[in-house]
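>>> all I have is the shape, not the residue letters:
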């Protein structure tokens, strides 16, 4: 049995009636997938019926819950050993699907890493580059594309992190960081994203801040010292420099200097405790 035969394709969709039918048809022509699941996330157009007519298994949410909620619905219903997540807006080239799932023989997660030139706007390219840089520091590994929704994974591993996936547009961020920090093998396959059909559901200001907070949340779950140590060092440095300055100019150490230094110690201790708690999460035997 090939990997594609054991792969369930999940397509979260919201008001994508114009693109969903051709996408499902192209997916069916590309490989013998185990199934193609389109999760209609409360669309107000004919997304569900167009997908069904093209041969997909359609799951309908009674109202819009969010992209992450749609992915979670697809993961719960998928029957394949592997899952491939594809956006419904036509950005992801169907020709790349087999390239994305092929490495699953050796990796738990494979991400389609978009080139900078194929990302929509200069603002979005800058935002993604900033998130990639921060995520690379926090995880200790180069991450070329943190937010790409085009990805394949072993289903059992995705289900392990189901409770961490938010209902909004942060599934890629959460799963990428979770897999890396949990010690799973993650591959990034270069791809070119096509021009999307219709309008993007993501807003840079609103969702950019949300991505940043989720990135910090996931890292504090898996590797808290990456957050606490820099804050502790910065606080201690500020207190020490201020203390030296007041000694030189006023011949005594101020309460503010002492408070900053003590705060740095408390922050470090909290980080150490958090690191131990994070480690205990992976020492429990799996059911």
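Received it, and whenever you're ready, just let me know what you need. Since this is a predicted model, take the numbers as computed values, not measurements.

>>> what about the helix or strand hosting residue 232, average pLDDT?
Using DSSP states H and E, residue 232 falls within helix 225-250. Here helix 225-250 scores 93 as its mean pLDDT.

>>> now the angle from the following helix or strand past that helix to helix 225-250?
Later in the chain than helix 225-250, the nearest helix or strand by DSSP H and E is helix 255-280. Counting by axes from the mean of the first three to the mean of the last three C-alpha atoms, to 10 degrees, helix 255-280 lies at 170 degrees to helix 225-250.

>>> quick one: low-confidence residue ranges for this structure.
Along the chain, the parts satisfying pLDDT under 70 run over 1, 117-124, 195-208, 210-211, 214-215, 281-287.

>>> what are the boundaries of the strands in it?
All strands of the chain, identified by DSSP state E, fall at 7-13, 35-41, 57-61, 82-85, 109-114, 151-154, 186-191.

>>> dump those to CSV, plus distance to residue 68 and mean neighbour count.
(C-beta placed from N, C-alpha, C; glycine too.) Shown next, in CSV, are these (distance: least, C-beta to C-beta, whole Å; neighbours: other C-beta atoms under 10 Å):
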stretch, distance to residue 68, mean neighbour count
strand 7-13, 8, 27
strand 35-41, 10, 26
strand 57-61, 12, 18
strand 82-85, 11, 27
strand 109-114, 16, 24
strand 151-154, 13, 25
strand 186-191, 19, 19
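
>>> okay, the ones you listed in a markdown table with distance to residue 253 next?
Formatted as a markdown table, these follow (distance: least, C-beta to C-beta, whole Å):
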| stretch | distance to residue 253 |
| --- | --- |
| strand 7-13 | 58 |
| strand 35-41 | 59 |
| strand 57-61 | 61 |
| strand 82-85 | 56 |
| strand 109-114 | 51 |
| strand 151-154 | 53 |
| strand 186-191 | 48 |
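
>>> touching, residue 257 and residue 236? I think so.
No. Residue 257 is beyond contact range of residue 236, at 10.5 Å (criterion: C-beta atoms under 8 Å).

>>> identify the residue nearest residue 246 in space, chain neighbours excluded?
Among residues not flanking residue 246 along the chain, residue 254 sits closest, at 5.0 Å (C-beta to C-beta, 6 or more residues apart in numbering).

>>> quick one: contacts of stretch 106-120?
By C-beta atoms under 8 Å, 6 or more residues apart in numbering, the surrounding residues in contact with stretch 106-120 are 92, 96, 100-101, 103-104, 125, 128-129, 144-145, 148, 150-154, 157, 172, 175-176, 179, 184-194, 196, 200.

>>> what about burial for those, which qualify?
Buried members of the contacts of stretch 106-120, counted by 16 or more other C-beta atoms under 10 Å: 92, 96, 100-101, 103-104, 128, 144-145, 148, 150-154, 157, 172, 175-176, 179, 184, 186-189, 191, 193, 196.

>>> so where do the helices sit in the stretch 1-150 of the chain?
Listed in chain order, the helices of the stretch 1-150 of the chain (DSSP state H, counting those that start in this stretch) span 17-30, 47-53, 67-77, 97-101, 122-139.
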